[in-house]
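> Need coordinates for the below:
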Amino acid sequence: MVDSNAENPVLAQLKQFFEKMPSDIHLILFAEPDGNEAPFVEAIRQVVRAFRQVTKRVTFKEFRLTHAEAKRYEVTQSPTLLISPDRYRIRWMGAPIGEEAKTFLQMLYLVGSGESRLSEQSRKVLRKMEGERRVRVFVSPSCPYCPQQAVNALKAAVELPEQVALEIIDIQCKPDLAQQYEAFSVPQTFANEVLIGKGAQPEEVFALSLARLEAQTLFIPDIEDPEVHADLLIVGGGPAGLTAGIYAVRSGLKTVLIEKALLGGQVATTPFVENYPGFTQVGGKALVDMMVSHALEYVQIFQGEEVIDIRRGDVFEVRTNRRTFFVKVVLLATGAKHRKLDVPGEERLAGRGVSYCSTCDGPLFKNKRVIMVGGGNSAVTEALYLRHIGASVTLVHRGKRLRAQDVLVAQLRQADIPVIYSTQVREIVGTNRVEAVTLYNSETDQTTRFETDGVFIAIGYEPSVELARKIGVFLNAEGYIQKDDRHRTNIPGIYSAGDVEGGYKQIVTAAGQGAEAAMAIFDDWISKG
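Have a look, this model is predicted:
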């Protein structure tokens, strides 16, 4: 019999955390009851109320913008939530809902404990930083990348409260500020009015960008990090890598997994998945969360680490931006990345109306005109999502017919989304943000200008083979990793799995290839004695 009075284990864990917390967390909300921000104000109240039911260590006060306290803290916009302003300069403009609920919980942990939890490498970088940093991180509740970047900034603000002031800004709540900073994709991070990061960065890369006030792409530690020894190292945390980790550990191989960016890969930014067995429809991020939770029961995951070099010997020496791994086998499950149009204006206006993730950036284009470029399953799925959230979307496809599955095409017609066939984007036009595109119709041989506020691109993927190429793994004519029927590459001890091998770009096939590769590695391991 189940005890109906038994306390929820998550709730019990939260209570235990708050009881042991060395410091109270003081929240002060400045808000006006009316206006477009009213739903966000009420959401903040509900979230705070929920936490206050768990613990008395969280205090809460609310004032209007006309109150003297607003002048004291230099607050001018509603809603603005201050977090322990007696100790830190952290403020939140928006509501901690959706993906940002994770950020809020992390924030309570960091502020309540008074510990930044930064790596020693990040601390070393920030200790050398001179002067003050006023940081703004633009986020969205629908963006799975945003919590990683927001938490990076929170850690810096907790580590150096006298030097780092932080504002977390929800683009759905504050579209005017997003427009002002031309932050049309999230996350975007500014420090002292300088753009220092587009997208989520590994912690050390963020610290270096903050210190140098310039966007950095790579962090190489000054000294060797601690060593990790294992049988198998998996590079890549998408469906192939996560599945391989589960199967490898269950076979008896000590396994570690490295992912430099977002766990789940492309799936994490897919609005919804309708063809994964067992789910008639499931959010891409929800599916990834289930996969990651399952994998964590078996494999040790190192997120935010990038492989810098792999050296061959009796064992492989794999050096990342944080530590060195010594392993006997390496599995490359590096996946694929968004293919670009490679047209004028695309790179310059990236993040200023050009986007490759409708889940992340779509909410900013509510009631605006956008185009979705592509004709496959991803393009149609994302076009449907954009229409669902209120954007006026037109699909632009270079072919005469869509390549998407019939069920998706039927949904597209039902949603009354117009499609421009036999047409390519030749240029993306705009001074500081997207204003229009130049379209070329191959049937009529005509070029036209199409006014639009945003360009979403879903034209497929190209394999992430930079690491494979660097270490001498052979590629096939299409640019994918060349492997045999057991997922072995030309380098003994290095295997591959998933989208980096080519073939069908489906979640289920990537997961299947990950399982195959893990079992092949185990079989080869056993045969060697």
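> Is Gly245 in contact with Gly236, as I believe?
No - taking C-beta atoms under 8 Å as the definition, Gly245 is not a contact partner of Gly236, at 10.1 Å. For the C-beta atoms, the positions are set from N, CA and C on the backbone; glycine is no exception.
> Can you tell me how far Pro513 is from Ala520?
One correction, residue 513 is Gln, not Pro. For Gln513, the distance to Ala520 (C-beta to C-beta, to the nearest Å) stands at 10 Å.
> okay, and the common contacts of the two?
His487 (C-beta atoms under 8 Å, 6 or more residues apart in numbering).
> can you tell me which residues contact Thr448?
Thr438, Leu439, Asn441.
> Give the residue from Gln513 and Ala520 that has the larger number of neighbours.
Remark: of Gln513 and Ala520, Gln513 carries more neighbours, 25 against 19, as counted by other C-beta atoms under 10 Å.
> ok, the nearest residue to that one once chain neighbours are set aside - how many residues close by?
Spatial nearest neighbour of Gln513, excluding adjacent residues (C-beta to C-beta, 6 or more residues apart in numbering): Ala497 at 4.4 Å. Close neighbours of Ala497, defined as other C-beta under 10 Å, add up to 33.
> My guess is Ala497 contacts Ala520. True?
No - using C-beta under 8 Å, Ala497 is not in contact with Ala520, being 9.3 Å away.
> Please identify every residue contacting each of the two.
Contact criterion C-beta under 8 Å, 6+ apart; residues shared by Ala497 and Ala520: His487.
> just the helices in the stretch 1-150 of the chain please.
9-20, 38-54, 68-72, 100-113, 120-127, 146-159 (DSSP state H, counting those that start in this stretch).
> can you list the residues that contact the third one?
What that stands for is helix 68-72. Everything outside helix 68-72 that qualifies as a contact, by C-beta under 8 Å, 6+ apart, is Ile28, Phe30, Phe63, Arg64, Thr76.
> Type out the ChimeraX command that picks the buried ones from the residues you listed.
Selection of buried members from these for ChimeraX, criterion 16 or more other C-beta atoms under 10 Å:
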select :28,30,63
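> Go through the contacts of helix 68-72 and say which is closest to Arg348.
For these, the closest approach to Arg348 (C-beta to C-beta) belongs to Thr76, at 32.2 Å.
> who touches the longest helix that the chain contains?
The residue-count maximum for a helix in the chain (DSSP state H) belongs to helix 507-527. Contact with helix 507-527 is made by 231-232, 238-248, 251-253, 267, 273, 275-277, 287, 328-329, 331, 333, 335, 486-488, 495-499, 501, 503, as judged by C-beta under 8 Å, 6+ apart.
> Quick check on the residues you listed: which are buried?
Using 16+ other C-beta under 10 Å, the buried ones in the contacts of helix 507-527 are 231-232, 238-248, 251, 253, 267, 273, 276, 287, 328-329, 331, 333, 335, 487-488, 495-499, 501.
> out of these, which are inside helices?
Using DSSP H, those in helices are Pro239, Ala240, Gly241, Leu242, Thr243, Ala244, Gly245, Ile246, Tyr247, Ala248, Leu287.
> least confident pick among these?
Among these, Leu287 carries the lowest pLDDT, at 91.
> in terms of contact, does that residue touch Phe272 like I think?
No - using C-beta under 8 Å, Leu287 is not in contact with Phe272; the gap is 9.2 Å.
> Give me the contacts around stretch 160-167.
Outside stretch 160-167, the residues that touch it by C-beta under 8 Å, 6+ apart are 87-93, 126, 129, 131-137, 153-154, 156-157, 210.
> again but with stretch 335-354, I slipped
Here stretch 335-354 makes contact (C-beta under 8 Å, 6+ apart) with 182-185, 188, 198, 236, 238, 240, 265-266, 356, 373, 425-430, 432-434, 453-455, 457-464, 498-500, 505, 510.
> What mean pLDDT does stretch 124-137 get?
Stretch 124-137 comes out at a mean pLDDT of 96.
> Extract the C-alpha trace of it and format it as PDB.
Only the C-alpha atoms of stretch 124-137 are listed here, as PDB (Å, rounded to 0.1, in the frame of the first residue of the first chain):
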ATOM      1  CA  LYS A 124      41.600  32.100 -12.300                       C
ATOM      2  CA  VAL A 125      40.400  34.000 -15.400                       C
ATOM      3  CA  LEU A 126      38.000  36.200 -13.400                       C
ATOM      4  CA  ARG A 127      40.500  37.000 -10.700                       C
ATOM      5  CA  LYS A 128      42.600  38.700 -13.400                       C
ATOM      6  CA  MET A 129      39.600  40.800 -14.600                       C
ATOM      7  CA  GLU A 130      40.000  44.500 -14.100                       C
ATOM      8  CA  GLY A 131      37.100  46.900 -13.700                       C
ATOM      9  CA  GLU A 132      33.300  46.400 -13.300                       C
ATOM     10  CA  ARG A 133      31.100  44.300 -15.600                       C
ATOM     11  CA  ARG A 134      27.500  45.100 -16.200                       C
ATOM     12  CA  VAL A 135      26.100  42.000 -17.700                       C
ATOM     13  CA  ARG A 136      22.800  41.500 -19.600                       C
ATOM     14  CA  VAL A 137      21.700  38.000 -20.600                       C
END
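> Can you point out the buried residues in it?
Buried, per 16+ other C-beta under 10 Å, within stretch 124-137: Val125, Leu126, Met129, Arg133, Val135, Arg136, Val137.
> Show only the entries of those residues found in strands.
Residues of the buried residues of stretch 124-137 located in strands (DSSP state E): Arg133, Val135, Arg136, Val137.
> Which strand residues bridge the second one?
According to DSSP bridges, the residues that bridge with Val135 are Leu166, Ala191.
> Make sure Glu203 is actually in contact with Ala153.
No - using C-beta under 8 Å as the test, Glu203 is too far from Ala153 to be in contact (10.3 Å).
> Model confidence score at the closest residue to Gly353 other than its chain neighbours, please.
Using C-beta to C-beta, 6+ apart and skipping residues adjacent in sequence, the residue nearest Gly353 is Val434, 2.7 Å away. Note for Val434: predicted pLDDT of 96.
> likewise Arg72?
95.
> With Pro221 instead?
Per-residue pLDDT puts Pro221 at 59.
> How is this protein divided into domains?
Residue ranges of the domains in the chain are recorded as 9-212, 227-337+462-527, 354-457, according to automatic domain parsing.
> Would you mark the buried spots in stretch 311-319?
By 16+ other C-beta under 10 Å, the buried positions in stretch 311-319 come out as Val315, Phe316, Val318, Arg319.
> Looking at the host helix or strand of Leu177 now, give me its mean pLDDT.
Assigned by DSSP states H and E, Leu177 belongs to helix 175-180. Mean pLDDT, computed over helix 175-180, is 92.
> One more: stretch 153-161?
Averaged over stretch 153-161, pLDDT sits at 98.
> Restricting to C-alpha, output it in CSV.
Taking Å, rounded to 0.1, in the frame of the first residue of the first chain, the C-alpha atoms of stretch 153-161 are listed here in CSV:
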residue,chain,number,x,y,z
ALA,A,153,26.5,34.7,-15.5
LEU,A,154,24.9,34.0,-12.2
LYS,A,155,28.0,32.2,-11.0
ALA,A,156,30.2,35.2,-12.0
ALA,A,157,27.8,37.6,-10.1
VAL,A,158,28.0,35.4,-7.0
GLU,A,159,31.8,35.0,-7.2
LEU,A,160,32.5,38.7,-7.7
PRO,A,161,29.5,40.7,-6.3
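> so how far is that stretch from its chain's centroid?
21 Å (C-alpha atoms, centre = their mean, to the nearest Å).
> cool, stretch 402-411 as well?
Centroid separation for stretch 402-411 versus its chain: 27 Å, with C-alpha atoms, centre = their mean.
> in the lowest-mean-pLDDT helix or strand in the chain, what's buried?
Sorting the helices and strands of the chain by mean pLDDT, DSSP states H and E puts helix 9-20 at the bottom, at a mean of 76. Using 16+ other C-beta under 10 Å as the test for burial, helix 9-20 gives Leu14, Phe17, Phe18.
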